[in-house]
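Asks: Show me how the following folds:
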Amino acid sequence: QVQLVESGGGLVQAGGSLTLSCTASGPINMMAWFRQAPGKDREFVGASGWDTLNTPITDYADTVKGRFTISRDNARNMVYLQMNSLKFEDTAVYYCAGTMSEGDNYRFDDEYPYWGQGTQVTVSS
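Replies: Below you'll find the model as predicted:
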């Protein structure tokens, strides 16, 4: 059982930046970020890992592409989400998720058996 712990959430003004961190208790193939705003379903933000051919994958939701960047420190089993040009609509609880799967379903939350506790990101307009 792998445990994930997020940190780095907080309050930021629109246009500002914030970096989230996620530490896994062991090595993970695919690590992803999801978010859930009040009254809305949990949605995919981005993911980083390797496919079945050991080809690196980094992918983002269209709503954050160009503003958010995922990076990994595999030696420390960590993944980061650098969020720039934050908008009010980015306000949500952000979750780190992990799976050993090498498939193509990394955009779907049911692909991930391991989840962090979530960290609140609030963007003031």
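Asks: Please tell me I have it right and Gly15 contacts Met83.
Replies: No - here Gly15 does not reach Met83: they are 11.3 Å apart, not a contact under CB atoms under 8 Å. For every residue, glycine as well, the C-beta is placed using N, CA and C.
Asks: of these two, who's got more company?
Replies: In terms of neighbours (other CB atoms under 10 Å), Met83 is the more surrounded of Gly15 and Met83; the figures are 24 against 11.
Asks: contacting residues around Met100?
Replies: By CB atoms under 8 Å, 6 or more residues apart in numbering, Met100 lies in contact with 28-30.
Asks: Can you flag the buried ones in those?
Replies: For the contacts of Met100, a neighbour count by 16 or more other CB atoms under 10 Å gives the buried set as 28-30.
Asks: can you tell me how far the nearest residue to Ala24 once chain neighbours are set aside sits from Cys22?
Replies: Nearest-residue entry for Ala24: Asn77, 4.2 Å, with adjacent residues in sequence omitted and distances by CB to CB, 6 or more residues apart in numbering. Noted for Asn77: a distance of 9 Å to Cys22, by CB to CB, to the nearest Å.
Asks: Cool, thanks, talk later.
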